[in-house]
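>>> Here you go, sequence then predicted model.
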Amino acid sequence: MYQSHVIAEEEARKAHQLWLSVEALSYTLKTADADAPTKPLEGAAQAVRDSCSENEFALALASALPEESLQRGVYNEASLRSRFNSLRSLVRRVALIDETHNSLYQYFLSYLQAALLFEAKQEAPPTQLSSEDLDPFKILSYASFCLEHGDLELAAKLVNQLRGEARRVVQDWLTEARLTLETRQVVGLLSAYANAVGLGTTQAP
């Protein structure tokens, strides 16, 4: 009986340590400034790996964090929204330039249409996208709406539909958005797992 109590206390201690390290990792995700990424996640991620060295599932999750987020950190949603808004006018100007029509004349036509076209700055995207909804100007409007309403994932999916010169302009932004989403997903899974493990044990004194 005593031995089982000792084992239970040790399991509770490990579960609590895992929870604490995952909380610290989650906190690190909130250290980003307005136009700078978070602190590198490597230190906090290593603490998680150390706390779950005997737990294959948690260790696999902790090891799934993208290398870029470990070494440099990730941008938060507010920063990504601000970057997108600053790119938007340029994307509009090159929206009609594709991989095959990239002459000076085509640039002029694209700039002209962007200047003359009334822009709906934000518009809620439809549940199902039709071919008409893939118009680059509509995509920008839908993506802006999603970003303003906290849906980075859907915004990234919409921006991913851009093609040609517009896609080239937003490519770096899209890469950063995906990095943030992937990192957040892994941290979210770790947090849910640490909470579930903690519920199954009695915290050691």
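Received it, and whenever you're ready, just let me know what you need. Everything numeric here is computed off the predicted structure, so don't read it as measured data.

>>> what's near enough to touch Leu129?
Contacts for Leu129 (CB atoms under 8 Å, 6 or more residues apart in numbering) come out as Gln161. Just so you know, the C-beta spots here come from the backbone N, C-alpha and C atoms, and that holds for glycine as well.

>>> do the same with Leu80
Here Leu80 is in contact with Leu147, Leu152, Trp173, Glu176, Ala177, Thr180 (CB under 8 Å, 6+ apart).

>>> go with 6 Å
Ala177 (CB atoms under 6 Å, 6 or more residues apart in numbering).

>>> Can you list the buried residues in stretch 160-175?
Residues Gln161, Leu162, Gly164, Glu165, Ala166, Arg167, Val169, Val170, Trp173, Leu174 are the ones in stretch 160-175 that count as buried (16 or more other CB atoms under 10 Å).

>>> Stretch 175-190 too?
Under the neighbour-count criterion of 16+ other CB under 10 Å, stretch 175-190 has Glu176, Ala177, Leu179, Thr180, Leu181, Glu182, Thr183, Arg184, Val186, Val187, Leu189, Leu190 buried.

>>> tally of neighbours for Ala156?
As a burial measure, Ala156 scores 23 neighbours (other CB atoms under 10 Å).

>>> Please determine how far it is located from Asn55.
31 Å (CB to CB, to the nearest Å).

>>> any idea what sits nearest the residue nearest to the spatial centre of the chain, other than its immediate chain neighbours?
What sits nearest the mean C-alpha location of the chain, by CA atoms, centre = their mean, is Leu181, with 2.1 Å. Counting by CB to CB, 6 or more residues apart in numbering, Leu181 lies nearest to Glu153, which is 5.7 Å off, once chain neighbours are set aside.
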